[in-house]
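A.B. asks: when you get a sec, could you give me coordinates for this:
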Amino acid sequence: MSRQLFGTDGIRGVAGKYPLDPQTVYAFGRALGEWAIQHSPTPQVLIGMDTRESGPGLASQVTAGLRRAGVAYEVAGVLTTPGVAWLTRTGPFAAGLMISASHNPFKDNGLKIFAHSGYKVPDPEELALEKRIFALAAESPEKPDDLNPTSGAGTAYIDFLRSTFPHSLAGWKIVVDGGNGSASTLAPGLLRALGAEVVELNCSPNGRNINLDCGALHIEKVQDAVVAHNAHLAVAFDGDADRAMFATATGKKVDGDHVLLICGADAKSRGHLPGDTVVATVMSNLGLAIALKKHGIHLTRTAVGDKYVLEEMIRIGAAIGGEQSGHVIFHEQATTGDGMLTTLRLLDVLVRQGATLDALASQLHILPQILINVRFEKKRPLEQLDNVQAAIRACEAEFGEAGRVLVRFSGTEPLARVMVEGTSHDRVGHHAQTIADAIRHELRA
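C.D. replies: Numbering: from 1, shown residues only. All right, here's what the predicted structure looks like:
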């Protein structure tokens, strides 16, 4: 049985509408409370959220369900997703809940569960939660609770991040784009505490401007700012700060693939890369595999989603893995992608090697890659779309081993994602557009 509520990263939707309507969210809270009771003799749930205006309302509905289930809870207020994961793992919590839709627009929101281990709840357990939510959804929700966020709940998490960085950033100037999200206050404060001069961009959330033409999805803003402010580098976070993208002093984009190469090669040189392996998804550029190979490092690929990257890392004992989009997991220190930890790990390499981000990032030669998102109204299995399959075969036949094509449905939005890469930008663009047009035609997007 496939999951109906949970996608690749929790439950997502438009706040106030199914599956984030009051009745379903209250049922979710009750089901989560029952799950916590099954997993802990003294069950408590930690709740964090990003800066969306719908966050407190959803939290109130969840806590009403938890109260009905007889489970205690602590509301941490605005916090990053990795902050919730870390506090859940190190605190007295049976589960942690992050209320966020990550990089989505402010009208969307989501519910993401972490077990006490700090890991996301496995797919089979999400399916069991779904069944219980559906069973409880017929009952009328109780009155939402009044929230009383714990003051400074994230202080211990920030202290942990500081403990991972044994250097001073005195003399460094860093541009920070908070995406008007969870990192807007936390990231500038962390870097200043380490001695850096910080230039803030989009660090003034108002509930509706999260991810709005800013943050990790709009890296061009910090690419311009880092040059204008003569800074050493820039970092841009998404709404819940589980990912980070960077820009060099000369304004060049640095994504998750660059970070995997820089940090992977550094770890290998110091004997800190188990199995000489880095884990990435099928979306990572072919150039990453080629560059890692030069350092004697093997690249293992997984399905898209940091959840699946982490599963493979655990299976093979890898220490570093992540996604091109900026989710990077340093498993010795974290159980999920963490944009602020990634920033510190990258800075650690730069400080120790006395190198610039421009110099280290230049080691990755990116092959032409084009991504096209195609919105659709009614989903059909890709293997049933004859014209799409024909376009994919034509692309594969032309590129052979010198290119790749990947077509998949998003796990969080009604989008078909087309990725094509190869040695010729023109031919990559041609095939990507041909496949996208075929999808639009067959799904009548």
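A.B. asks: mind giving me the domain split of the protein?
C.D. replies: Here the chain is described, according to automatic domain parsing, as comprising the domains 6-136, 170-253, 255-361, 369-443.
A.B. asks: adding distance to Gly152 and mean pLDDT, write those domains out as CSV.
C.D. replies: Where you see a C-beta, it was placed from the backbone N, CA and C, and this is true even at glycine. Formatted as CSV, the domains of the chain follow (distance: least, Cβ to Cβ, whole Å; pLDDT from 0 to 100):
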stretch, distance to Gly152, mean pLDDT
domain 6-136, 9, 96
domain 170-253, 11, 98
domain 255-361, 17, 96
domain 369-443, 31, 92
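A.B. asks: is it possible to get TSV of these that adds distance to Pro144 and mean neighbour count?
C.D. replies: Conversion of these to TSV gives the following (distance: least, Cβ to Cβ, whole Å; neighbours: other Cβ atoms under 10 Å):
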stretch	distance to Pro144	mean neighbour count
domain 6-136	4	22
domain 170-253	18	22
domain 255-361	28	21
domain 369-443	25	17
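A.B. asks: which among those domains is found nearest to Asp146?
C.D. replies: Checking the domains of the chain against Asp146 by Cβ to Cβ gives domain 6-136 as the closest, at 7.3 Å.
A.B. asks: output the domains of the chain as TSV; include the columns distance to Thr164.
C.D. replies: Shown next, in TSV, are the domains of the chain (distance: least, Cβ to Cβ, whole Å):
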stretch	distance to Thr164
domain 6-136	11
domain 170-253	11
domain 255-361	6
domain 369-443	30
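A.B. asks: and the strands in the stretch 51-200 of the chain?
C.D. replies: With DSSP state E, counting those that start in this stretch as the criterion, the stretch 51-200 of the chain has strands at 72-78, 95-99, 108-115, 173-177, 197-201.
A.B. asks: any idea which of the ones you listed gets closest to Ala27?
C.D. replies: Closest among the strands of the stretch 51-200 of the chain, using Cβ to Cβ: strand 108-115, at 11.4 Å.
A.B. asks: can I get the closest one in PDB, CA atoms only?
C.D. replies: C-alpha atoms of strand 108-115 as PDB (Å, rounded to 0.1, in the frame of the first residue of the first chain):
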ATOM      1  CA  ASP A 108       2.400  26.000   1.900                       C
ATOM      2  CA  ASN A 109       3.400  24.300   5.000                       C
ATOM      3  CA  GLY A 110       4.300  20.800   6.200                       C
ATOM      4  CA  LEU A 111       4.700  18.300   9.100                       C
ATOM      5  CA  LYS A 112       8.000  16.500   9.300                       C
ATOM      6  CA  ILE A 113       8.600  13.900  12.100                       C
ATOM      7  CA  PHE A 114      11.900  12.900  13.700                       C
ATOM      8  CA  ALA A 115      12.200   9.900  16.000                       C
END
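A.B. asks: and the angle from that strand to strand 95-99?
C.D. replies: Between strand 108-115 and strand 95-99, the angle comes out at 170 degrees (axes from the mean of the first three to the mean of the last three Cα atoms, to 10 degrees).
A.B. asks: can you tell me what sits against stretch 186-205?
C.D. replies: Stretch 186-205 has contacts (Cβ atoms under 8 Å, 6 or more residues apart in numbering) with 51, 79-80, 83, 154, 158, 161-162, 165, 167-181, 184-185, 209, 214-215, 221-222, 225, 229, 231, 235, 237, 241, 339-340, 343.
A.B. asks: please state the offset of that stretch from the chain centre?
C.D. replies: Relative to its chain's centre, stretch 186-205 lies at 20 Å (Cα atoms, centre = their mean, to the nearest Å).
A.B. asks: quick one: the helices in the stretch 51-200 of the chain?
C.D. replies: Assignment of helices within the stretch 51-200 of the chain using DSSP state H, counting those that start in this stretch yields the ranges 55-69, 81-90, 123-136, 155-163, 183-193.
A.B. asks: ok, now which ones touch Tyr119?
C.D. replies: Contact analysis of Tyr119 by Cβ under 8 Å, 6+ apart lists Ala85, Leu310, Thr335, Thr336.
A.B. asks: I figured the third one was touching Lys307, is that so?
C.D. replies: No - contact criterion Cβ atoms under 8 Å: Thr335 and Lys307 do not qualify, at 10.9 Å.
A.B. asks: and the furthest pair within the contacts of Tyr119?
C.D. replies: Ala85 and Leu310 (10.7 Å).
A.B. asks: give me the common contacts of these two.
C.D. replies: With Cβ under 8 Å, 6+ apart, Ala85 and Leu310 have common neighbours Tyr119, Thr335, Thr336.
A.B. asks: the residues you listed into a markdown table, with extra columns for distance to Arg375?
C.D. replies: Shown next, in a markdown table, are these (distance: Cβ to Cβ, whole Å):
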| residue | distance to Arg375 |
| --- | --- |
| Tyr119 | 32 |
| Thr335 | 33 |
| Thr336 | 28 |
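A.B. asks: picking that back up, overlap in contacts, Thr335 and Lys307.
C.D. replies: Counting by Cβ under 8 Å, 6+ apart, nothing touches both Thr335 and Lys307.
A.B. asks: on that earlier part again, quick one: which of the domains of the chain is nearest Asn148?
C.D. replies: domain 6-136 (6.6 Å).
A.B. asks: circling back: narrow the contacts of Tyr119 to those in helices?
C.D. replies: Ala85, Leu310 (DSSP state H).
A.B. asks: tell me the secondary structure at the residue lying closest to Met283 once chain neighbours are set aside.
C.D. replies: Closest residue to Met283 apart from its sequence neighbours, by Cβ to Cβ, 6 or more residues apart in numbering: Gln324 at 5.2 Å. With DSSP: H, G, I helix; E, B strand; the rest coil as the basis, Gln324 sits in coil.
A.B. asks: contacts only, for Gln324.
C.D. replies: Asp255, Gly256, Asp257, Ala280, Thr281, Met283, Ser284, Asn285.
A.B. asks: element containing the fourth one, please.
C.D. replies: I take that to be Ala280. Using DSSP states H and E, Ala280 falls within strand 277-281.
A.B. asks: that strand: how far from the chain's middle?
C.D. replies: For strand 277-281, the distance to the chain centre is 16 Å (Cα atoms, centre = their mean).
A.B. asks: which residues touch that strand?
C.D. replies: Residues contacting strand 277-281 (Cβ under 8 Å, 6+ apart): 256-257, 260, 264, 288, 292, 297-305, 308-309, 312-313, 316, 318, 320-324.
A.B. asks: mind checking what helix or strand follows it in sequence?
C.D. replies: Trace forward from strand 277-281 with DSSP H and E and the next one is helix 286-294.
A.B. asks: could I have the CA atoms of that next one written out in PDB?
C.D. replies: Presented in PDB, the C-alpha positions along helix 286-294 are these (Å, rounded to 0.1, in the frame of the first residue of the first chain):
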ATOM      1  CA  LEU A 286      28.500  13.800 -13.800                       C
ATOM      2  CA  GLY A 287      31.400  16.200 -13.200                       C
ATOM      3  CA  LEU A 288      31.200  15.400  -9.500                       C
ATOM      4  CA  ALA A 289      31.900  11.700 -10.200                       C
ATOM      5  CA  ILE A 290      34.800  12.600 -12.500                       C
ATOM      6  CA  ALA A 291      36.400  15.000 -10.000                       C
ATOM      7  CA  LEU A 292      36.000  12.700  -7.000                       C
ATOM      8  CA  LYS A 293      37.600   9.900  -9.000                       C
ATOM      9  CA  LYS A 294      40.700  12.000  -9.400                       C
END
